[in-house]
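A.B. asks: return atomic coordinates for the entry below.
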Amino acid sequence: MLHIVPTVSSRHTVTSFFPFKSTHPLSSSSSSSSSSSSSSSSSLAFYMEQPNLLSFKLKHSHQPHQANAAVSPRNEESVVHGLSETVVGVLGGGQLGRMLCQAASQMAIKVVVLDPQDNCPASSFSHHHMVGSFDDSATVQEFAKRCDVLTFEIEHVDVTTLEKLEKQGVDCQPKASTIRIIQDKYQQKVHFSQHDIPLPEFMRLDDLEGAKKVGKRFGYPLMIKSRRLAYDGRGNAVAKREEELTSAVDALGGFDRGLYAEKWAPFVKELAVIVARGRDNTISCYPVVETIHRDNICHIVKSPADVKWKIRERATEVAFNAVNSLEGAGVFAVELFLTEDGEILLNEVAPRPHNSGHHTIESCYTSQYEQHLRAVVGLPLGDPSMKTPAAIMYNILGEEEGELGFQLAHQLMKRALTIPGASVHWYDKPEMRKQRKMGHITIVGPSLSNLDGNLATILEGKTLDDKTAVAPRVGIIMGSDSDLPVMKCAAEILEKFGVPHEVEIVSAHRTPERMFSYASFASERGIKVIIAGAGGAAHLPGMVAAITPLPVIGVPVRGSSLDGVDSLLSIVQMPRGVPVATIAINNATNAGLLAVRILGVADENLLSRMSQYLEDQKESVLQKGDKLEKLGWKSYLNSSS
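C.D. replies: Numbering: from 1, shown residues only. Presented below is the predicted three-dimensional model:
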């Protein structure tokens, strides 16, 4: 259930859409901490009003103007219907800018970009592309004249110019103060430490003697990082022992470059949370994802992250608090470490759409790109929840230089197009280099396990088989093949309704390890309901229900001595806290129908087919009644025999 957690401070109100009550909400100023904490316990029902469409006229001339000033019309005849009349200026025209422009086109929002490359990825989709450097002061100031609001797809911009523009009334989102904090990773760490965000220990490095002292304090391996202009693993170096400090520092350009050290974080997984902040200071968090890196570059993103619910809650809380400590509207990516002892540590924050949120285009009700636009222009934030059970994003990185690299990438994308639920995004970069991000593939489907198999099919170039393509949604299990004549009726019903399923022999007594494994991993494989048939002591349904979070339907199977009554009584006498549904003895047909109804709660197609099934049953009874009335009971019996 979603909750709204209001955090009241002297400057603004923050509303968070995420499935827990924040226990440590942070205001954006220390003076408001107490009021933030005192109000964190309140919880309101989630409600979001749909925005009305606005009819407006777009400006034609790019004249200097103050933020939020009235927009002059293009001409009297040119009227555009869309969600916002704000012209959004984006510093940077890479793949993030490209996908921002694609989202903007669906909302009739005009996006102009500033990028030094003539044919940058965003160029062909933007309303206007100004060729120039986004870290050149004069160019940025000229560009700002064309925009109602300035935002970013890269944080390596001239923040001094942004601060100057803000003083002149230019609307920057997020705020220049946030960009200044984020640009210097050491200052970023200082800022978050001052707001009680959990971090790896860190210290500034000024010289070799200081680095040696830090090494003795933190131990080895020691992570050394550049304070500025570092991304995709660039600007990081690891010293495994004191003797490697000099080479690590030299690899980063020396102490004059500006360095700091972090204590090695023994993480077991890297997680990330996309967080959106609106102009009204509402904060909305996307589901926690796991990021898998190759050579320090994000390679695969899995959503939702395969971690315990408490870990998801804590990761979301840390991400919420981190963004709440910053200023301005937009989408922020919060990268996190999950340590061996279950602790969540913040790695860093990006004040823009991010690689870890690419999957949201296909997997969430509101993509991170649409959300960023909503945020910076002042529209209500959209629903960040997933509309599909699972998603995997795979980065297409350059495998070879030049034409060969293009050929390999295109072969990969062609294979992806054979996979159900796969979507290809090509960034149309003119030059291929090794490890360069050239595009990405997103696959959505019933479970991460199923998607892992589909991704392996793409990467290994195998032919997709039916088992890989369609994951079973119902598992039919039994203790012995002697139960199969009864349990086949459940399979027949599922086949009739087109529900993918599997039939397995899993004995609670003879193969307890197999039973435990099946129950433990059924959910991860995409199973939604388990039908368990058992005779005699009928332990199988209850044992499975004690392990899996999935609904379990027990089918009492008639035995040779007590006619299945013993099985029925065993199934219905599960201890409190271990629910098992059951049906009449040997009635696996009803078990199959109940499974279809359970799935139908979230599947309109199945619900419609079940309604038709009921209509067909009714019609069958009526036809039999008419026949009986017409023929009389003796002729009816003779005709039925």
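A.B. asks: could you list the buried residues of the lengthiest helix in the chain?
C.D. replies: As assigned by DSSP state H, the longest helix anywhere in the chain is helix 604-631. In terms of neighbour count (16 or more other C-beta atoms under 10 Å), helix 604-631 has its buried residues at 606, 609-610, 613. (C-beta placed from N, C-alpha, C; glycine too.)
A.B. asks: what does stretch 493-506 give?
C.D. replies: Buried residues in stretch 493-506, defined by neighbour count with 16+ other C-beta under 10 Å: 493-494, 497, 499-503, 506.
A.B. asks: tell me where the stretch 451-600 of the chain has helices.
C.D. replies: In the stretch 451-600 of the chain, the segments counted as helices under DSSP state H, counting those that start in this stretch are 466-469, 484-496, 512-521, 539-547, 565-572, 588-600.
A.B. asks: which outside residues touch the third one?
C.D. replies: Under the criterion C-beta atoms under 8 Å, 6 or more residues apart in numbering, residues 449, 475, 477, 504, 506-508, 530, 540, 543-544, 547-548 lie in contact with helix 512-521.
A.B. asks: picking up where we left off before, tell me which two in the buried residues of stretch 493-506 are the farthest apart.
C.D. replies: Phe497 and Val506 (23.2 Å; C-beta to C-beta).
A.B. asks: residues contacting the closest residue to Ala391 other than its chain neighbours?
C.D. replies: Ranked by C-beta to C-beta, 6 or more residues apart in numbering and with sequence neighbours excluded, the top spatial neighbour of Ala391 is Ser363, at 3.7 Å. Ser363 makes contact with 303, 386-388, 391, 442, 444, according to C-beta under 8 Å, 6+ apart.
A.B. asks: do the same with Asp184
C.D. replies: 227-228, 258 are the contacts of Asp184 under C-beta under 8 Å, 6+ apart.
A.B. asks: from Asn236, how far off is it?
C.D. replies: Taking C-beta to C-beta, to the nearest Å as the measure, Asp184 falls 15 Å from Asn236.
A.B. asks: equivalent analysis for Leu614, please.
C.D. replies: Leu614 is 62 Å from Asn236, by C-beta to C-beta.
A.B. asks: cool, and Val580?
C.D. replies: Using C-beta to C-beta, Val580 is found at 52 Å from Asn236.
A.B. asks: how far off centre is the longest helix of the chain?
C.D. replies: Between the centre of helix 604-631 and the centre of its host chain there is 43 Å, according to C-alpha atoms, centre = their mean, to the nearest Å.
A.B. asks: now the angle between helix 588-600 and it, please.
C.D. replies: Relative orientation of helix 604-631 with respect to helix 588-600: 140 degrees, computed using axes from the mean of the first three to the mean of the last three C-alpha atoms, to 10 degrees.
A.B. asks: how far does the next helix or strand after helix 604-631 sit from the chain's center?
C.D. replies: The element immediately downstream of helix 604-631 (helix or strand, assigned by DSSP states H and E) is helix 633-640. Relative to its chain's centre, helix 633-640 lies at 62 Å (C-alpha atoms, centre = their mean).
A.B. asks: rounded mean pLDDT for helix 633-640, please.
C.D. replies: Taken as a whole, helix 633-640 has an average pLDDT of 87.
A.B. asks: re earlier: take the buried residues of stretch 493-506 and write them to a markdown table, including distance to Glu401 and pLDDT.
C.D. replies: Listed next are the buried residues of stretch 493-506 as a markdown table, based on distance: C-beta to C-beta, whole Å; pLDDT from 0 to 100:
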| residue | distance to Glu401 | pLDDT |
| --- | --- | --- |
| Ile493 | 56 | 97 |
| Leu494 | 51 | 97 |
| Phe497 | 52 | 96 |
| Val499 | 48 | 96 |
| Pro500 | 43 | 94 |
| His501 | 48 | 96 |
| Glu502 | 46 | 96 |
| Val503 | 51 | 97 |
| Val506 | 52 | 95 |
